[in-house]
Structure formats: C-alpha cells, structure tokens
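> let's see this in three dimensions:
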Amino acid sequence: MTNTNFFVERLVILKSGFSVYDEDFHRGINVIRGDHSVGKTTILELLFYVLGGEIKENQWLYPADRCDEVFCQININNETFTIKRDIEKGAIPPIRIQSGTYEKTRSTNLGWKKFGPRRSESGEKYSFHSSFLIYLVGTVISRMIMQI
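Alright, predicted model coming up:
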C-alpha cells in the first residue's frame, strides 16, 4: 500500500491584485504566531476556505472580508497544484485548480479546472472534494502513462 502525502506549500491572499499575505510552509509542523489581534485566526480561516470550507456571511473576519482572492499551493505525492478561490462574502464561489506552482498559474489564466464547492440542487453528482480527487487521479494516471 502506498502512503499519500498532502501538504500546503504556500498560502497567498490578494487584495486589488496585491499580496497582503504570502507565506511558504514546510513539511512538518508550521507555527503561526503573533500578538493578539494580528490575523492568526484569519489566516487559518482563509486556508480552511480555499480548501473548500464555507464561511457564513456574518462570520467573515476583518480584514479577510476586504480581500479578493486566496491561493493555496499544495503538494500531493510530489505533484504540485494551486487552488484559487475568490472571496465573496455571502456567496459560495467555485474553487479553481491548476497543476503547477503559484507563480506558473499566475502567469496564465488558462488551464484552471472549476469545481463547485458542494453538490448542487440541480443534480450535480460530485462536490469539490470528490471532483478534485477524480481530477487528481486522472492527472497522475496520465503522467504514469506518458512515462511508459
């Protein structure tokens, strides 16, 4: 049995196209520390949000509710992907995923795969999480076939 490795490599939060938070993470335990009321909880909530979590309209914290986008570069079994989600207070925007680093995905607006964060009432079969897993499996299988 093969172990699956997943970790966050980088989290970037943008406002008006400018970075208000950009941090690289490393394997193992990452500590987010700081004085009272400097944004530690906000960072964790935006990480939860970009990975598919929902934040109710009345639970958005300042200054996250003033930002526009959040990006999360992740690594799954040595494959790098970037997840992007718009920040829309009171809405549930889709989640976009692209293979590659944050820098690579910022240089092009092409190649993003769009997923709804949850199954819709219109009969969509898969949520973001199951769709993303299917996308990942397809990506990994495609690369394995190309190596043969």
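> ranges for the strands of the protein?
Assigned by DSSP state E, the chain shows strands spanning 6-15, 18-24, 69-76, 79-86, 95-99, 113-115.
> okay, those strands in a markdown table with distance to residue 105, mean neighbour count and mean pLDDT next?
C-beta: built from backbone N, CA, C; applies to glycine. Shown next, in a markdown table, are the strands of the chain (distance: least, Cβ to Cβ, whole Å; neighbours: other Cβ atoms under 10 Å; pLDDT from 0 to 100):
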| stretch | distance to residue 105 | mean neighbour count | mean pLDDT |
| --- | --- | --- | --- |
| strand 6-15 | 10 | 18 | 92 |
| strand 18-24 | 14 | 12 | 91 |
| strand 69-76 | 8 | 20 | 92 |
| strand 79-86 | 4 | 20 | 92 |
| strand 95-99 | 5 | 21 | 89 |
| strand 113-115 | 11 | 16 | 82 |
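> is it true that residue 21 touches residue 47?
No: in this structure, residue 21 is not within contact of residue 47 by Cβ atoms under 8 Å, at 10.4 Å.
> got a list of what the closest residue to residue 76 other than its chain neighbours touches?
Ranked by Cβ to Cβ, 6 or more residues apart in numbering and with sequence neighbours excluded, the top spatial neighbour of residue 76 is residue 6, at 5.1 Å. For residue 6, the contacting residues are 74, 75, 76, by Cβ atoms under 8 Å, 6 or more residues apart in numbering.
> among those residues, which one sits closest to residue 95?
residue 74 (12.1 Å; Cβ to Cβ).
> just give me the neighbour total for residue 39.
Residue 39: 19 surrounding residues under other Cβ atoms under 10 Å.
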